[in-house]
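>>> For reference, the sequence and a predicted model appear below.
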Amino acid sequence: MSHLAERIAKAKAEGRAALIAYLPVGYPDVAGSIAAMIAAVDGGADIVEIGVPYSDPGMDGPVIQQAVDVAVRAGVGMRDVLRAVEAVAAAGAVPVVMSYWNPIERYGVERFATDLAAAGGAGAITPDLIPDEAADWMAAAEQAGLDRVFLVAPSSTAARLGSTTAACRGFVYAASTMGVTGTRATVSDAAQKLVARTRAAAPELAVCVGLGVSNGAQAAEVASFADGVIVGSAYVRELLEGRGADGVRALSEDLAKGVRS
Amino acid sequence: MKTTSPPQPGERLLPARPGWPDATGHFGIFGGRFVPEALIAALDELTEAYEAMRVDPVFLTEFDRLQRDYTGRPSPVTEVERFAAHAGGARILLKREDLNHTGSHKINNVLGQALLTKRSGKTRVIAETGAGQHGVATATAAALMGLSCTVYMGEEDTRRQALNVARMRLLGAEVIPVTTGSRTLKDAINEAFRDWVTNVETTNYVFGTVAGPHPFPAMVRDFQRVIGDEAREQVLAREGRLPDAVLACVGGGSNAIGIFTAFVPDEGVRLIGLEAGGDGVETGRHAATITGGSPGVLHGARSYLLQDDNGQTIESHSISAGLDYPGVGPEHSYLHDIGRAEYRAVTDAEAMEAFALLCRTEGIIPAIESAHALAGAMVVGKELGPEALLLVNLSGRGDKDVETASRWFGLGDREDVDPGPGLDTDQQPTEGAVTQGDAVAGPDSGETA
């Protein structure tokens, strides 16, 4: 059974969308990032997307790059990520790892799957791994009982929406705008359209929307048409601007109200 | 023995490709597409457009006309006897890509991709550049074809290469300094991909080397293979035989793939890629990706790369910015693994010794990138002996490197400076003979080869 799907279904049963908080391991340091994740859970996040620091984060905008850069320079690695996974699970949220592909490949695909499952992780989101290249990961995840979350985008063809959602377990990540991560003033119309197209391709799979959501009002808007709302840069900004775990908790509370409105 | 002229219009991109990559861009276990889903549609569209154009007589005729009338192709082959006297007496032929418009092989690829962009109806091109050669070439092609052009360049490089920044701006391009990560070429590539994913409807990404996601490695190879197609015919015509070895420098690897491809089926011809050994591979301060790296994923493809135990890309080091890249094109990784090509490292000092030697013996100032291939030829020539015939790709000229070389040799600041033993070519140059001067000669010229 998919832990991610289960938690999203539970939110749905409460008549709301799930709140998914992204935070990278290692900013401002490992302990500080784990404290921030727990604060996000305390504030109301259902799922924590635990970011693996990577030197070349091609899909991320300046906010996340800046934080991740610090973690990379500090030598943060998969061992630290697994500690964060354990901490988030203990705090009562569902941990899912978000990693560009090379750190996983370097750690060893099977080893990663085994260790992640042992730490209580639900699975992984792989932003630069498309299902076409994911045979090893699919096999290892299946073996370890892990979810695998791939991305769809406004530019995805109907055929790709079909093949990508078929490879997903847990949920599918709808990258709502053509661009990189970062907060935006408005949620793009493309998000709602993409969710509708994705639902048509895979009616049983939860669709969670990421890219651009930064406050409760936007979360409410996305929650009106998606199963989950993913927020990243806004959380990271709380840390970059020095508001620490308290800022993260307050943001979570605002967003949690949003997904319930 | 064939002694025909270079390929005619319509034949340029058509010579049989090697049996790789496969339909999804894999060279054995290497290559492929490791990019966000948002880019897949653009890569599919580019692949489709390119596959249609490469057999379209109108496109091929125009491409051929540009190569001839604008770039100045075919580039000549020059025998360098005085230089070869320092290479064990082996005969050495240079393929003169340094004589192309804009000064290097980069223009071959850029004209192809810019023409493809124009005929696809897109109005804007973007490019990454290390120290400016690919950026200048892209800005040149954009000016020629009336395309808007944005070039991403690491902030460090914009400062060190102010002249190339000015050249790009004169040509009408916008140059954006990249302030993220290590502020070098690899971060410029990340930033260009971010631009592309945001502006894909109007914009093509003109990638500078045979790396990146499919179709870039195959497409850039096809645009660069003219180097080897011409050279193979030229060598056969003048010598009545094939060379014993073909040598080229390898950063990303486009000039090397360009000259290797025509010779891949010629099993008796050794293909030797010279990587940038920096301070020496054993010091960890180098850019010798195949010699000193391991397989992984970077910039959209699986290939050898320089990485640490956490899978983070390690910063590379080379006197030549064009070779100063922690990755390499996937086809090189494949040619290495199947044993068809061999890769060796050349240190900064060895490259600069060869640089000085070519200047003094032949009156040709090479790009420091290309000097790595020349240094390789000095070693291979001694190994193979006087009967050997070597073909070396002189991928670019060294005008851009004059300042770096002056610093390296301690020239330029004062007229009374002794040029040092490395410039005294009456003696057989020996390893380490070049005066290192102030060892600040960092990666500040050139482009991923």
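Sure thing, it's come through. Just so it is clear, the model here is predicted, and its values are computed rather than measured. Numbers count the residues shown, from 1 in each chain, chains lettered A, B, ... in the order given.
>>> what are the ranges of the helices in the stretch 101-250 of chain A?
Taking DSSP state H, counting those that start in this stretch, the helices of the stretch 101-250 of chain A run over residues A:101-107, A:109-119, A:135-144, A:158-167, A:189-201, A:216-223, A:233-240, A:244-260.
>>> Go ahead and name everything in contact with stretch B:72-81.
B:6, B:67, B:91-97, B:99-101, B:226-227, B:230-231, B:234-235, B:238, B:358, B:361-362, B:364, B:391 (Cβ atoms under 8 Å, 6 or more residues apart in numbering or on different chains). For the C-beta atoms, the positions are set from N, CA and C on the backbone; glycine is no exception.
>>> PyMOL command to pick out the buried ones of those residues?
A single PyMOL command selects the buried members of the contacts of stretch B:72-81 (16 or more other Cβ atoms under 10 Å in any protein chain shown):
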select buried, chain B and resi 6+67+91+92+93+94+95+96+97+99+100+101+226+227+230+231+234+235+358+361+362+364+391
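>>> Tell me the spatial nearest neighbour of the residue in the stretch 301-449 of chain B that chain A sits nearest to, not counting adjacent residues.
Going by Cβ to the nearest Cβ, chain A is nearest to residue B:311 of the stretch 301-449 of chain B, at 3.1 Å. Spatial nearest neighbour of residue B:311, chain neighbours left out: residue A:106 (3.1 Å); criterion: Cβ to Cβ, 6 or more residues apart in numbering or on different chains.
>>> related to what we said a few turns ago, could you list which of the contacts of stretch B:72-81 belong to strands?
Among the contacts of stretch B:72-81, DSSP state E puts B:91-96, B:391 in strands.
>>> still on that earlier bit, now render the helices of the stretch 101-250 of chain A as JSON lines, adding mean neighbour count.
Listed next are those as JSON lines, based on neighbours: other Cβ atoms under 10 Å in any protein chain shown:
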{"stretch": "helix A:101-107", "mean neighbour count": "23"}
{"stretch": "helix A:109-119", "mean neighbour count": "19"}
{"stretch": "helix A:135-144", "mean neighbour count": "16"}
{"stretch": "helix A:158-167", "mean neighbour count": "17"}
{"stretch": "helix A:189-201", "mean neighbour count": "18"}
{"stretch": "helix A:216-223", "mean neighbour count": "21"}
{"stretch": "helix A:233-240", "mean neighbour count": "23"}
{"stretch": "helix A:244-260", "mean neighbour count": "20"}
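>>> Between those helices, which one is closest to residue B:178.
For residue B:178, the closest of those is helix A:233-240, at 19.0 Å, according to Cβ to Cβ.
>>> tell me the angle of that closest one relative to helix A:216-223?
Helix A:233-240 and helix A:216-223 are oriented at 150 degrees to each other (axes from the mean of the first three to the mean of the last three Cα atoms, to 10 degrees).
>>> helices or strands up against helix A:233-240?
Contact analysis of helix A:233-240 by 3 or more Cβ pairs under 8 Å, 6 or more residues apart in numbering or on different chains; DSSP states H and E lists strand A:18-24, helix A:30-43, helix A:62-73, helix A:244-260 as its packing neighbours.
>>> Now look at the third one and say if it contacts chain B.
Pointing back at helix A:62-73 there. Yes: counting by Cβ under 8 Å from any Cβ of the partner chain, chain B is contacted by helix A:62-73 at A:62, A:65-66, A:69, A:72.
>>> how about CSV for the residues you listed, with distance to residue B:303 added?
Listed next are the residues of helix A:62-73 next to chain B as CSV, based on distance: Cβ to Cβ, whole Å:
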residue, distance to residue B:303
A:62, 27
A:65, 23
A:66, 28
A:69, 24
A:72, 21
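>>> among those, which ones are buried?
In the residues of helix A:62-73 next to chain B, the ones that pass as buried (16+ other Cβ under 10 Å) are A:65, A:69, A:72.
>>> just the ones in strands among the contacts of stretch B:72-81 now: which is nearest residue A:114?
Of all the ones in strands among the contacts of stretch B:72-81, residue B:391 has the smallest distance to residue A:114: 50.7 Å, by Cβ to Cβ.
>>> Mind pulling the model confidence for the closest one?
Looking at residue B:391, its pLDDT reads 98.
>>> Next, the contact list for the residue lying closest to it once chain neighbours are set aside, please.
Leaving aside its sequence neighbours, residue B:391 sits nearest to residue B:243 (Cβ to Cβ, 6+ apart; 4.0 Å). Residue B:243 is in contact with B:93, B:235, B:263, B:269, B:389-391, counting by Cβ under 8 Å, 6+ apart.
>>> Touching the worst-scoring helix or strand of chain B on mean pLDDT from outside, list them.
Lowest on mean pLDDT, DSSP states H and E among the helices and strands of chain B sits helix B:155-160, with a mean of 84. With contacts defined as Cβ under 8 Å, 6+ apart, helix B:155-160 is touched by B:129-132, B:165, B:175, B:177-179, B:183-185, B:188, B:321, B:442, B:444.
>>> residues contacting residue 97?
Here I'm looking at chain A. Contacts for residue A:97 (Cβ under 8 Å, 6+ apart) come out as A:49-50, A:52, A:81, A:85, A:116, A:121, A:123-125.
>>> nope, chain B please
Counting by Cβ under 8 Å, 6+ apart, residue B:97 has contacts B:75, B:104-105, B:227, B:255, B:393-396.
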